[in-house]
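Participant: model this:
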Amino acid sequence: VMGGIITHQWIAHAFNAPHRFYCKLNSCMTENYTSDGLSTWIAKPMYVAKQITNNNIILQTIGIMLFVLIGTIFTLLFEENNNFTITALVILISMILLARRSKITKKFV
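Facilitator: The predicted structure is shown next:
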């Protein structure tokens, strides 16, 4: 999709990660699929992605950035093979940067 970095497979894994995590904790016994055979956990984000691509270039860029950000967060938080320490570090750094940004914004208001 994006030069081989963001692939359809990555999108499917990223947006199915919360589902896999939930099922690991709750032993899901059933799955729901669309008439096309896609898991509903994948079909909904795929629909959103298709809608994003039907907009002008500015909205596409913003939409893709948000989509990748959400997918990355899902991957960091819910994928089993991720190192929890790295995930916690990324979240901590993000929180620090957001806190600093809010302090800077308050100074200029």
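Participant: which residues of this structure fall in helices?
Facilitator: 8-26, 40-53, 57-78, 84-108 (DSSP state H).
Participant: Asn32: which of the ones you listed is closest?
Facilitator: helix 40-53 (4.5 Å; Cβ to Cβ). C-betas here are computed from N, CA, C, even on glycine.
Participant: and Thr30, how many neighbours?
Facilitator: By other Cβ atoms under 10 Å, 4 other residues sit near Thr30.
Participant: ugh, wrong one, Thr53
Facilitator: 10.
Participant: related to what we said a few turns ago, nearest to Tyr33, out of the helices of the chain?
Facilitator: Of all the helices of the chain, helix 40-53 comes closest under Cβ to Cβ, at 6.8 Å.
Participant: would you mind listing the buried residues in the closest one?
Facilitator: Residues of helix 40-53 classed as buried: Trp41, Ile42, Ala43, Pro45, Met46, Ala49, Ile52 (neighbour count, 16 or more other Cβ atoms under 10 Å).
Participant: who's in contact with the first one?
Facilitator: When contacts are counted by Cβ atoms under 8 Å, 6 or more residues apart in numbering, Trp41 is found next to Phe15, Asn16, Pro18, His19.
Participant: now these: which count as buried?
Facilitator: For the contacts of Trp41, buried by 16+ other Cβ under 10 Å: Phe15, Asn16, His19.
Participant: distance to Met65 for those residues - can I get that in a markdown table?
Facilitator: Listed next are the buried ones among the contacts of Trp41 as a markdown table, based on distance: Cβ to Cβ, whole Å:
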| residue | distance to Met65 |
| --- | --- |
| Phe15 | 16 |
| Asn16 | 21 |
| His19 | 23 |
